[in-house]
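Peer 1: For reference, the sequence and a predicted model appear below.
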Amino acid sequence: MENLKEIKELRRNANNIYELFNQKIPKWEADKKHYDKTGYGFNEDSRFNSCRAAAIAFSSHMGTYGDSGCSRQCDLDENVFQRHLVKYLNRNKKEIMLAIAKQIEQEALTLKTKAENELNSQLEMLNQLEASVNGC
């Protein structure tokens, strides 16, 4: 009977995911004026966590126009989610890690540009200070 209980829990979790992505999200996308507060993703907002695996949580929420409230839209068992998330992440680790590396690189390039602008600004101030001292 334990296997049957586990199968039911697995199906419930899978069905929640299918319902969120195949029914709820397309419905929200089709009527953005009515469903004006929606979201789904990893660690977006812990108030709407469906489950949490270590430091990674999957969240989903929905709210409608005229009502400031939002509610969780997908209910998953933490152990089932964590077990399958880790398996998926490990099967796709190269692609995931390379994509993360690309994002990290992009962030570094953005910061490099900001740092160069800051340095150029400071260099300009030094040049202006030197010009004002020499101009006296």
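Peer 2: On my side now, so go ahead. These numbers were taken from a predicted model, which means no experiment stands behind them.
Peer 1: Helices along this protein, start to end?
Peer 2: Along the chain, the segments classed as helices by DSSP state H run 2-19, 25-30, 78-91, 93-135.
Peer 1: Now do the contacts for R91.
Peer 2: If a contact means Cβ atoms under 8 Å, 6 or more residues apart in numbering, then R91 has no contacts. For the C-beta atoms, the positions are set from N, CA and C on the backbone; glycine is no exception.
Peer 1: circling back to that earlier point, tabulate the helices of the chain in TSV, adding columns for distance to G39 and mean pLDDT.
Peer 2: Compiled in TSV, these are given as follows (distance: least, Cβ to Cβ, whole Å; pLDDT from 0 to 100):
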stretch	distance to G39	mean pLDDT
helix 2-19	16	85
helix 25-30	9	94
helix 78-91	18	86
helix 93-135	20	89
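Peer 1: Ok, which of those comes nearest G41?
Peer 2: Taking Cβ to Cβ, helix 25-30 is the member of the helices of the chain nearest to G41, at 11.1 Å.
Peer 1: hmm, back to that, quick one, which of the helices of the chain gets closest to A55.
Peer 2: Among the helices of the chain, helix 78-91 comes nearest to A55, with 11.2 Å by Cβ to Cβ.
Peer 1: Flag every buried residue along that closest one.
Peer 2: Under the neighbour-count criterion of 16 or more other Cβ atoms under 10 Å, helix 78-91 has V80, F81, Q82, H84, L85 buried.
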